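*Asks:* okay, predicted coordinates and the sequence, questions at the end:
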Amino acid sequence: MDFIFETAEKIYRTYGFTKIETPVMEYTELFSQSIGNFTDIVQKEMFSFKDRKERNISLRPEGTVGVIRAYVENNLSYNPGIVKLYYCGPMFRAERPQKGRQREFHQFGCEAIGSMNPLLDAEIIEMHVLLLNRLRLKDYYIEINSVGCRTCRKDYNRVLKEFLSRHKEKVCENCQVRAEHNPLRIFDCKNEGCQKAFENAPLLMDYLCKECKEHFEKLQYYLRSKNIEYKINKKLVRGLDYYSKTVFEIKSDLLGAQNALMGGGRYDYLVELLGGQSTPAVGTAPGIERILILMNEKKDDLSIDAHAEKRIYIAYAGNPDEEIKFRIINLLRENDYITLYTYDEKSLKAQLKEADKLNCKFCIIIGEEELKNNQIVIRSLEKGAQENISLDDFCKDSNKFLIK
Ligand code: HAM
């Protein structure tokens, strides 16, 4: 799990994001007003309770809202330019547990606050394509859509509501409520009858205003320029109400019913809704457990593999010179090598076997005989070859011998 976030963190940092940590609990109202009173998350899935002072508190079901609250409350907007933040932590949703769906799960994510430019939306997608590539995951696809702005959605909601009033009897109870309060969400209903009834429903994509249309076209232009493949899914809507314009999901068919690895998009009204100045923003959050499922499907033991380059085993032969052994271990650890050795008495053969098991690329053998000539042995466990080198040369520049 750490490895996944560490890989993401490296990418976030190179794109100029800095880390933020927000509380696991917030006032319930913060979530209900931001995510939407008629969303499943707020209606059914939050762990909510009253504290000793009778205040309504909820465990966070997602990360974006807490980040934007912190941004507004702490005047982070005074930072020049775009504010780019990333985070990682547990989230809580009282859903029925199943494969890829837990009540406590982990998300990391990033939020870029302060630009309307669709290049930023494309860059957010690009970062996560890079992440999945670095995790060596290939079985995924990207779906994009636009859910428009307040202007285009107003017209569209009227048309959609008209359509829904004509199909009321054919749809489930949930969709009847959605049709009243949150019509766009009907597209997310998994009920077969509803899906059939909505087959010919009017689509927001056909009602986008000029600005939203241009924004969506430019997003596609940037994705194409970055060689990122995507599909347009005109029925893609998100389970949270704060989105405007771009929405996207990265999905995998290997995940089963819960097929979204991550979801995100633009939310140009949220900062203002939470008391800040009108400020556009965009972000996304991958679910760590779902990435893990995909990695397990691929049977890739990445947690070890990824560090193989940097794993060194220190073995001894004969009577070890502890001082030299610790000098070498410290030197390697200072240079960020994962440095392992045995705590028990073992033959050299057993130590080499252990080194191999621990997936180390090199083994440094401190041999009684070699030390008499001020030498140590470096053995490549991949190639099975070894060479004697001067201890002084190794201490001067260990990388020279280990990065080959
Ligand atoms: P979300 O689509 O609700 O978006 O969740 C993002 C990801 O969290 C999902 O794609 C999935 O991988 C994971 N996830 C959600 N619920 C569960 C669960 N019960 N069990 C396991 N994994 C789960 C958001 O949360 C938005 N805040 C994303 C965002 C960031 N939009 C803009 N910025």
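*Replies:* The structure has been received and is ready for your questions. Computed from a prediction, not measured in an experiment: that's the story for all the values here. Residues are numbered from 1 along each chain as shown.
*Asks:* number of nearby residues for residue 120?
*Replies:* 23 (other C-beta atoms under 10 Å). From N, CA and C alone the C-beta is placed, and that goes for glycine too.
*Asks:* cool, and the one 3 residues further on?
*Replies:* Residues near residue 123, counting by other C-beta under 10 Å, number 17.
*Asks:* that one contacts residue 14, doesn't it?
*Replies:* No - counting by C-beta atoms under 8 Å, residue 14 is not a contact partner of residue 123; they are 11.4 Å apart.
*Asks:* show me the contacts for the residue nearest to residue 298 when sequence neighbours are not counted.
*Replies:* Using C-beta to C-beta, 6 or more residues apart in numbering and skipping the chain neighbours, the partner closest in space to residue 298 is residue 137 (6.9 Å). By C-beta atoms under 8 Å, 6 or more residues apart in numbering, the residues touching residue 137 are 252, 291, 294, 295, 298.
*Asks:* can you tell me the residue of this protein closest to the ligand?
*Replies:* Using C-beta to the nearest ligand atom, the single residue of the chain nearest to the ligand is residue 287, 2.3 Å away.
*Asks:* burial measure for that residue, as a count.
*Replies:* 23.
*Asks:* quick check: it touching residue 259?
*Replies:* No - here residue 287 does not reach residue 259: they are 11.1 Å apart, not a contact under C-beta under 8 Å.
*Asks:* what is in contact with those two at once?
*Replies:* With C-beta under 8 Å, 6+ apart as the test, residue 287 and residue 259 both reach residue 100.
*Asks:* where are the low-confidence patches of the stretch 201-350 of the chain?
*Replies:* Across the stretch 201-350 of the chain, the ranges flagged by pLDDT under 70 are 299-309.
*Asks:* all helices of it, in order?
*Replies:* Using DSSP state H, counting those that start in this stretch, the helices found in the stretch 201-350 of the chain span residues 210-225, 270-273, 288-297, 302-305, 322-334, 348-357.
*Asks:* please produce TSV containing those, extended by distance to residue 311 and mean neighbour count.
*Replies:* Shown next, in TSV, are the helices of the stretch 201-350 of the chain (distance: least, C-beta to C-beta, whole Å; neighbours: other C-beta atoms under 10 Å):
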stretch	distance to residue 311	mean neighbour count
helix 210-225	37	16
helix 270-273	44	20
helix 288-297	19	18
helix 302-305	8	14
helix 322-334	10	14
helix 348-357	9	15
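*Asks:* any chance of those helices in TSV, plus distance to residue 281?
*Replies:* What follows is the helices of the stretch 201-350 of the chain, written out as TSV (distance: least, C-beta to C-beta, whole Å):
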stretch	distance to residue 281
helix 210-225	14
helix 270-273	6
helix 288-297	23
helix 302-305	32
helix 322-334	40
helix 348-357	47
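*Asks:* nearest to residue 192, of these?
*Replies:* helix 288-297 (24.3 Å; C-beta to C-beta).
*Asks:* could I get the closest one in PDB with only the CA atoms?
*Replies:* The C-alpha trace of helix 288-297 is given here as PDB (Å, rounded to 0.1, in the frame of the first residue of the first chain):
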ATOM      1  CA  ILE A 288      -5.900   2.300  -3.000                       C
ATOM      2  CA  GLU A 289      -7.700  -1.000  -2.300                       C
ATOM      3  CA  ARG A 290      -8.900  -1.100  -5.900                       C
ATOM      4  CA  ILE A 291      -5.400  -0.500  -7.300                       C
ATOM      5  CA  LEU A 292      -4.300  -3.300  -5.000                       C
ATOM      6  CA  ILE A 293      -6.900  -5.700  -6.400                       C
ATOM      7  CA  LEU A 294      -5.700  -4.900  -9.900                       C
ATOM      8  CA  MET A 295      -2.100  -5.500  -8.900                       C
ATOM      9  CA  ASN A 296      -3.000  -8.800  -7.300                       C
ATOM     10  CA  GLU A 297      -4.900  -9.800 -10.400                       C
END
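*Asks:* might you list the low-confidence residue ranges for the stretch 51-200 of the chain?
*Replies:* 79.
*Asks:* near the ligand, which residues of it are found?
*Replies:* Counting by C-beta under 6 Å from any ligand atom, the stretch 51-200 of the chain comes close to the ligand at 62, 63, 64, 93, 95, 100, 101, 102, 105, 107, 109, 111.
*Asks:* swap in the stretch 201-350 of the chain?
*Replies:* 239-240, 260-265, 283-287, 289-290.
*Asks:* do that again at 5 Å, thanks
*Replies:* Those residues of the stretch 201-350 of the chain that sit near the ligand, judged by C-beta under 5 Å from any ligand atom, are 260, 262, 263, 264, 283, 284, 285, 287, 289, 290.
*Asks:* the third one: how many residues sit nearby?
*Replies:* Translated: residue 263. Residues near residue 263, counting by other C-beta under 10 Å: 22.
*Asks:* who's in contact with the residue of the chain closest to the ligand?
*Replies:* 100, 105, 106, 107, 260, 261, 262.
*Asks:* what's the nearest residue to the fifth one if we skip its chain neighbours?
*Replies:* By the measure of C-beta to C-beta, 6+ apart, the closest residue to residue 260 outside its immediate chain neighbours is residue 249, 4.9 Å from it.
*Asks:* in this structure that neighbour contacts residue 263, no?
*Replies:* Yes - using C-beta under 8 Å, residue 249 is in contact with residue 263, at 4.5 Å.
*Asks:* picking that back up, now distance to residue 23 too, for the contacts of residue 137, in CSV please.
*Replies:* Formatted as CSV, the contacts of residue 137 follow (distance: C-beta to C-beta, whole Å):
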residue, distance to residue 23
252, 31
291, 25
294, 30
295, 30
298, 35
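*Asks:* sounds good, over and out.
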